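> Here is my input; please provide its structure:
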Amino acid sequence: INLAAVSNDPIGNLFESATRAINLKATVDLARLCHEQGVSKFILASSCSIYGDLGVKPKVESDKTSPLTAYALSKIQSENDIRNSLSQSNMDITFLRFATACGVSDRLRLDLVLNDFVASAIKYKRIKILSNGSPYRPLIDVKDMAKSIIWAISKKHSSSEGPLSINIGSNQSNYKIIELAK
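Presented below is the predicted three-dimensional model:
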């Protein structure tokens, strides 16, 4: 289960080569090493950010991708490289395209819109929206992310079907920025 990544968009964009080295090259190398060592399953924590800004309709796995950041680009390129190089292997490969994580944590990430809004409200007594508020942010509780990883470990999927890409989130937790601010 590969959870390692530079997952902060501002840092990823500032340090694109490091983001690419960690999120793409190391991920693909790890998948290949797992295959060479006979590992039966490879699960990659991917991201719904690979879809970019392609309208308001909820995305399905077969939709076009349009990554807008170095992080999102590294995630879809990892999926594609692994799919292209290992699709004929007998390893069960799953790409979990997670919504944006939220939930209790010992380490607060202020680069996430919801956390940024809460921090601004507490510190400045106001929330500053950096867009017109219409973009959507899909959220997922970390507990549900963990459940999806457990599902991916235990699922029965034939490697002959090729890698499985699956969006992990729900329409009920897909909010417009303006809704989160309110």
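> contacts, neighbours, all on C-alpha from now
Fine.
> How about residues contacting the helix or strand in which K147 is found?
In the assignment (DSSP states H and E), K147 maps to helix 142-154. Applying C-alpha atoms under 8 Å, 6 or more residues apart in numbering, the contact partners of helix 142-154 are K41, I43, T94, L96, F98, A101, C102, G103, V104, I168.
> mind listing which of those are in strands?
Here DSSP state E is the test, and the contacts of helix 142-154 give K41, I43, T94, L96, F98, A101, C102, I168 as lying in strands.
> and the residues you listed as a markdown table, adding distance to K59 and pLDDT?
Below are those laid out as a markdown table (distance: C-alpha to C-alpha, whole Å; pLDDT from 0 to 100):
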| residue | distance to K59 | pLDDT |
| --- | --- | --- |
| K41 | 26 | 95 |
| I43 | 21 | 97 |
| T94 | 18 | 96 |
| L96 | 14 | 98 |
| F98 | 12 | 96 |
| A101 | 17 | 88 |
| C102 | 20 | 84 |
| I168 | 11 | 97 |
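> can you tell me which two in those residues are farthest apart?
K41 and C102 (26.5 Å; C-alpha to C-alpha).
> Nearest residue to the most centrally placed residue in the chain in space, ignoring adjacent ones along the chain?
Nearest to the mean C-alpha position of the chain, by C-alpha atoms, centre = their mean, lies S47 at 1.7 Å. Distance criterion C-alpha to C-alpha, 6 or more residues apart in numbering; nearest residue to S47, sequence neighbours excluded, is R97 at 4.1 Å.
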